[in-house]
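Participant: have a look; sequence and predicted model below, questions after that.
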Amino acid sequence: MKLLVEGAPLRGTVEIPGSKSHTIRAVAIASLAKGKSVIEAPLESSDGLAAFHAYRAFGVPIESVNGAWHVEGLGGHFEAPANIIDVGNSGTTMLIALGSAALLGSGLSVLTGDEQVRRRPVGPLVKALNDLGAKARCTRDNGCPPVVVEGRIKGGRCTIEAMTSQYITALLINGPLADGDIDLDVPLLHEKPYVGITLDWLKRHGVKVTYAEDYSSFHIPAGQAYQPVHQRIPGDFSSATFFLAAGALQDNEVFSHGLDMGDSQGDKAVVEYLGAMGAEVSVEAAGVRVRAKRLVGTEIDLNATPDALPMMAALACFAKGTTRLVNVPQARLKETDRIATMRMELCKMGAHIEELEDGLVIHESAMRPAEVDGHGDHRIVMSLAIAGSMLPGTTTINGYEAVNVTYPTFLDALHGLGGKGRVV
């Protein structure tokens, strides 16, 4: 599918969908708990539904009732899946479910995903599970899915370098139900705020973990039990990034409704990034309003917020001077190599960008409409769409269907702000 976007001012209010990070953690923890959980306003995108179906495959009764998900948690006593678990494009579901598969008392699980997920490394987590007494292996011996898992986590100590925080999240969520205590040594950890989200979920649902302040080590006592989940999923700052940034562009003003700056999501830092670039930002009770001002380039460390790289790269093309997006090497390991891909596609639109090993240097550019490719990556598609909305003429983005991963209603939201776009 192609998205054709024409230049038009974006003004008004947009309703931000539920958080992917919170939705997937809610499903996993509700499944590990014993008893009934109700998850209100979950993200009903392909990523959210991947978690829904993965835990149903483990025998957990989950159903959708009037926009809420009802889960009858099994206390971690899962069944061996009757078939292969396919998580689609959801890397988060892949890693958390890998940890859950290592809680089965008998039988084995096979987990796979789409072409992009089958290229994403899971080797460090597989090794950690083996070090802790489970049995896991990548079927192609390449450190990527598909993965076969059997045998329970026994406990013990392991060292894991976390290029992605999801390795640690998988162990933190599933470790409390292991046979013995677990000690994790973490000499490398990117995306620390996402570990903070996980620890917040554990604390609120009755699980205790002790850890170093810098998250370099964790102690997970065994024999714990989760309390059921009864929570409304807050708005997703990662998805909001596109419309927060849109509000900062010339002639625009956007109110992103449903965001809570008190939430634990790390991508709320995007609000600070926009302020640093000169946008007029106001945090209100129901969300965040961003008004256009003359943007100026700056240096932004994106290590904690790699999902923001595509949109911040597009935004920087319209800022005066030079913007440096740095310290985010893990952006190369997402659905695509987002560093290389954003440089490639924005350059088709006239951008002047230099690629770093761990980021991008972006100069103010005379942008023009072009035909570009989303590379099957939802965040790249949406970033290019916002950029296209600033340009006279028509920008064509191939692969629009990728937005279904996290933001199926993206085009409706764009239209609601006065944007001009159509799918062909």
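Facilitator: Here it is on my side, so go on.
Participant: following the one helix or strand E272 maps to, which helix or strand comes up?
Facilitator: In this assignment (DSSP states H and E), E272 forms part of helix 269-276. Note on helix 269-276: by DSSP H and E, the next helix or strand toward the C-terminus is strand 280-284.
Participant: what packs against that following strand?
Facilitator: Contacts defined by 3 or more Cβ pairs under 8 Å, 6 or more residues apart in numbering; DSSP states H and E place strand 280-284 against helix 269-276, strand 287-291. For glycine as for every other residue, the C-beta is placed from the backbone atoms N, C-alpha and C.
Participant: between these, which one is nearest to P228?
Facilitator: P228 sits nearest to strand 287-291 of all these, at 29.0 Å, using Cβ to Cβ.
Participant: if we ignore the residues flanking it in sequence, what's nearest S19?
Facilitator: Ranked by Cβ to Cβ, 6 or more residues apart in numbering and with sequence neighbours excluded, the top spatial neighbour of S19 is D236, at 4.0 Å.
Participant: from F255, how far off is that neighbour?
Facilitator: D236 sits 16 Å away from F255, taking Cβ to Cβ, to the nearest Å as the criterion.
Participant: neighbour-wise, which of the two wins?
Facilitator: D236 (26 against 22; other Cβ atoms under 10 Å).
Participant: ok, back up a step: contact partners of the helix holding E272?
Facilitator: The contact list for helix 269-276 (Cβ atoms under 8 Å, 6 or more residues apart in numbering) reads 193, 237, 240-241, 244-245, 247-248, 261, 281, 283, 288, 290, 298, 300, 304-305, 308, 311-312.
Participant: hmm, which of these are the buried ones?
Facilitator: 193, 237, 240-241, 244-245, 247-248, 281, 288, 290, 298, 300, 304-305, 308, 311-312 (16 or more other Cβ atoms under 10 Å).
Participant: from the residues you listed, which land in helices?
Facilitator: 193, 237, 240-241, 244-245, 247, 311-312 (DSSP state H).
Participant: could you work out the most separated pair of those?
Facilitator: So, these by Cβ to Cβ: farthest apart are P193 and G247, at 22.5 Å.
Participant: spit out the contact partners of D373.
Facilitator: 345, 397-399.
Participant: any idea which of those residues is the one closest to K135?
Facilitator: Among the contacts of D373, G399 lies closest to K135 (Cβ to Cβ), at 37.7 Å.
Participant: that closest one: neighbour count?
Facilitator: 19.
Participant: once you drop chain neighbours, what's closest to it?
Facilitator: Excluding the flanking residues, the one nearest G399 by Cβ to Cβ, 6+ apart is G374, at 3.8 Å.
Participant: ok, that neighbour touching A402?
Facilitator: Yes - G374 lies in contact with A402 (Cβ atoms under 8 Å); the separation is 5.4 Å.
Participant: between those two, which is the more surrounded one?
Facilitator: Counted by other Cβ under 10 Å, G374 and A402 do not tie: G374 has more neighbours, with 28 against 25.
Participant: check the more buried one and give its pLDDT.
Facilitator: pLDDT, G374: 98.
Participant: which residues are in contact with it?
Facilitator: 380-381, 384, 397-400, 402.
Participant: and stretch 261-270, how far from the chain's centre?
Facilitator: Put simply, stretch 261-270 sits 13 Å off its chain's centre (Cα atoms, centre = their mean, to the nearest Å).
Participant: ok so, going back, closest to A57 out of the helices and strands packed on strand 280-284?
Facilitator: helix 269-276 (34.3 Å).
Participant: surely V195 touches I168?
Facilitator: Yes - contact criterion Cβ under 8 Å: V195 and I168 qualify, at 5.3 Å.
Participant: between those two, what contacts are shared?
Facilitator: Common neighbours of V195 and I168 (Cβ under 8 Å, 6+ apart) are 189, 215.
Participant: compare neighbour counts for these two and give me the winner.
Facilitator: Neighbours per residue, other Cβ under 10 Å: of V195 and I168, the larger number sits with I168, 28 against 23.
Participant: name the element that one belongs to?
Facilitator: helix 166-174.
Participant: also I39?
Facilitator: Assigned by DSSP H and E, I39 falls in strand 34-40.
Participant: all strands in the stretch 1-150 of the chain, in order from the N-terminus.
Facilitator: 2-6, 11-15, 34-40, 62-65, 68-74, 85-86, 108-112, 135-138, 147-150 (DSSP state E, counting those that start in this stretch).
Participant: could you say which one of those comes nearest to S389?
Facilitator: strand 2-6 (5.6 Å).
Participant: state the mean pLDDT of the closest one.
Facilitator: Strand 2-6 comes out at a mean pLDDT of 98.
Participant: highest neighbour count among the contacts of D373?
Facilitator: That'd be I397 among the contacts of D373, by other Cβ under 10 Å, with 28 neighbours.
Participant: got the domain ranges for the chain?
Facilitator: Here the domain parsing of the chain from automatic domain parsing is 2-17+234-423, 20-232.
Participant: in contact with the closest residue to L188 other than its chain neighbours, which residues?
Facilitator: Residue nearest to L188 in three dimensions, not counting chain neighbours: E161, with 4.1 Å by Cβ to Cβ, 6+ apart. Contact analysis of E161 by Cβ under 8 Å, 6+ apart lists 124, 186-188.
Participant: one more pass at 10 Å, please.
Facilitator: 124, 127-128, 167, 185-190 (Cβ atoms under 10 Å, 6 or more residues apart in numbering).
Participant: equivalent analysis for A319, please.
Facilitator: 248-249, 277-279, 294-298, 312, 362-365.
Participant: buried ones only from the residues you listed, please, as a PyMOL command.
Facilitator: Burial among the contacts of A319 is assessed by 16+ other Cβ under 10 Å; the matching PyMOL selection reads:
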select buried, resi 248+249+277+278+279+295+297+298+312+362+363+364+365
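Participant: just give me the closest of the contacts of A319 to P228.
Facilitator: Among those, and counting by Cβ to Cβ, the member closest to P228 is M312, at 37.9 Å.
Participant: related to what we said a few turns ago, tell me which strands the helix or strand following the helix holding I168 pairs with, and in which orientation.
Facilitator: On the C-terminal side of helix 166-174, the closest following helix or strand by DSSP H and E is strand 182-185. According to DSSP bridges, strand 182-185 forms sheet pairs with strand 156-159 (parallel), strand 217-220 (antiparallel).
Participant: list the buried residues in strand 182-185.
Facilitator: 182-184.
Participant: same check, this time on stretch 349-362
Facilitator: 349, 351, 353, 358-362.
Participant: just these now: which is nearest V147?
Facilitator: D358 (27.9 Å).
Participant: for the closest one, give its distance to D301.
Facilitator: 10 Å.
Participant: which residues are common contacts for those two?
Facilitator: Going by Cβ under 10 Å, 6+ apart, residues that sit against D358 and also against D301 are 325-328.
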